[in-house]
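Engineer: fold the stuff below for me.
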Amino acid sequence: MTDARRVAAALLVVLALSAATPAHGAAPPTWKSRTAAAERYAHGRAGTITFAVVDEAGRQHGYHAHEVAPSASVLKAMLLVAYLRREDVRNRALEQWERDLLAPMIRRSDNYAAARLVGLTGAARLDALAQAAGMEHFRLHWPIWGQSEITPRGQALFLHRIDRLVPSRHRGYALRLLATVVPSQRWGVGRVPHAGWELYFKGGWGSGTGLVDHQVALYRAPGERFSFALFTRFDPDHEYGKETLRGLAERLLRGVPAPGGHLPRADRVTFTQEAVVTAGPDCAAVTIRPADGGKRTFATGAVTCSSFELTSAGLGAIWSWPEGSESHLSTASYGSATPGDLGSFGPSDPLGPLAGSGETLAYAHGGEVSTVGGPDCPVEASVLAAGGRRLAAGEGDSVEIFDPVTCAVEQTFHLSGVVTALALDEGLVASLSQRSAGRTWLEWFRTATGERLGKQEVAGATLPAVAVREPWILYRTSQSMRVLATGSGRSWTVWHPARRQLGLRLLGKRAVWAENRAEKSFLWALRLPTGD
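Structural biologist: Residues are numbered from 1 along each chain as shown. Modelled structure (predicted):
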């Protein structure tokens, strides 16, 4: 597959994954809502159910997560790691006889191999592993090792850290075993779609009577991870226990962001419905990649990403970069062979912010806002946004909404502080502003009437970026991504990305972004419900 075809497939995958995620109720998906749904499900099932989650930020959630239960065969994941940590094993290649024990123990849950590994590992090494994993309770039982004592919380912590607990020489081998459990044992979590996430898990089911049915699982995507430990006891039978595990996993996975494909590493990323536009690590080139395939790359003239700005609309892009006392501005579209030079801007006519939406690309300069191929409108703008076939220009504590074709100002809003970020769609305007006391306000207005619909103080660490698609407003800090429902004013933290998000944007009801890892930029999408 060519690079262009692979990237197009990646773009279509991330949009399809996000669109396929079901919306349940008006609230966006969070770990609190997922855990609550799993708890409600547990209340309606026979048997004793406990579970724990360690999310992408390392926070813990669960239901009776500290209760002690017999390990059954989930102990085998601990045996695998503890053996590979042995001082005489960790830095050498495994011999064939060791592989002949470890692989069957994990992939098809061989009990003979587990008994051998208990002897080869010993209680002291298992205790040391439990301590390194942060387990609050672990006790090996011998000779009936399946009666060893564990808790959901301890196992979720262990799985969350499992690859880091395995010596680097054996890390790939250990994860490969946990990823290739034989098909006949891929029930429960193994039956729930987890599109884009890599799944590593181990189950334990005692004698297969329903007395014990457990699963522990790690989900990984580039730079991100979360883990589950799902315990059931005293089920009517083994099939019932497997169905309970599947139901728990289904609810805990509901609405988790979908990892998509990847692109060459980029320092700037911007999304539209039609394309993704990137600037490479030195910002010397901009590449436009339509979602239906192909790509076109344009030299920018920049030699560094310092103060380089990029935005896009449709299949077009606009970018600026500084050089000495001037700023340069260029534009390009996928259908053009070369970029268009929009000129240089110096101290007498300084270049301001850029904005793009639909087919409109705009930029502020001096006391005007101009559109590519359109008029120069006499509007001041230190902050600029495009959306709903209109432009929003913010200066000080006021915002003007105007028509970029006629330059007619249609609404003027006054904010609670100095504007730092703007967004608009057909019906709403959203703003972030700061007061001298350091307070940060999120406000939203009805575009047609100018009515202020809501105002909420947000964390001072909120970044100067906001997106709006009714009924949702998206904003973020360096540690979290939050959404606000414009009808109720309620807000939720929907994800804690491990890495800086690039190009975070609302496309319809999808939040899309990219994260860099190594030499690639990975695409992500989160589906929001369709109504508030």
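Engineer: ok, the helix or strand encompassing residue 319: who's next to it in the sheet?
Structural biologist: Using DSSP states H and E, residue 319 sits within strand 316-323. Applying DSSP bridges, strand 316-323 is found paired with strand 309-313 (antiparallel), strand 326-333 (antiparallel).
Engineer: so which of these is the most surrounded?
Structural biologist: Among those, strand 309-313 has the highest mean neighbour count (mean count of other Cβ atoms under 10 Å), at a mean of 25. Backbone N, C-alpha and C define where each C-beta goes, glycine included.
Engineer: where do the strands of the stretch 401-532 of the chain begin and end?
Structural biologist: 409-414, 418-424, 428-434, 440-446, 452-458, 466-469, 472-476, 481-485, 491-495, 501-507, 510-517, 520-527 (DSSP state E, counting those that start in this stretch).
Engineer: buried residues in the fourth one?
Structural biologist: Read that as strand 440-446. 440, 441, 442, 443, 444, 445 (16 or more other Cβ atoms under 10 Å).
Engineer: quick one: that strand to strand 472-476, angle?
Structural biologist: Interaxial angle, strand 440-446 versus strand 472-476 (axes from the mean of the first three to the mean of the last three Cα atoms, to 10 degrees): 160 degrees.
Engineer: re the thing from before, out of the strands paired with strand 316-323, which gets nearest to residue 359?
Structural biologist: strand 309-313 (5.8 Å; Cβ to Cβ).
Engineer: can you tell me the average pLDDT over that closest one?
Structural biologist: Averaged across strand 309-313, the pLDDT comes to 98.
Engineer: make CSV out of the strands of the stretch 401-532 of the chain and add distance to residue 256 and mean pLDDT.
Structural biologist: Formatted as CSV, the entries for those read as follows, by distance: least, Cβ to Cβ, whole Å; pLDDT from 0 to 100:
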stretch, distance to residue 256, mean pLDDT
strand 409-414, 36, 96
strand 418-424, 25, 97
strand 428-434, 26, 97
strand 440-446, 25, 97
strand 452-458, 24, 96
strand 466-469, 20, 96
strand 472-476, 17, 96
strand 481-485, 13, 96
strand 491-495, 9, 96
strand 501-507, 16, 94
strand 510-517, 13, 95
strand 520-527, 8, 95
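Engineer: these: which one's closest to residue 182?
Structural biologist: Among these, if distance is taken as Cβ to Cβ, the winner is strand 520-527, at 29.9 Å.
Engineer: partners of that closest one, with directions?
Structural biologist: Here, using DSSP bridges, strand 520-527 pairs with strand 258-264 (antiparallel), strand 510-517 (antiparallel).
Engineer: okay, the strands of the stretch 401-532 of the chain in CSV with distance to residue 33 next?
Structural biologist: CSV is the format used below for those (distance: least, Cβ to Cβ, whole Å):
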stretch, distance to residue 33
strand 409-414, 33
strand 418-424, 25
strand 428-434, 23
strand 440-446, 22
strand 452-458, 20
strand 466-469, 20
strand 472-476, 15
strand 481-485, 12
strand 491-495, 8
strand 501-507, 20
strand 510-517, 16
strand 520-527, 13
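Engineer: closest to residue 68 out of these?
Structural biologist: When the strands of the stretch 401-532 of the chain are ranked by proximity to residue 68 (Cβ to Cβ), strand 491-495 comes first, at 31.3 Å.
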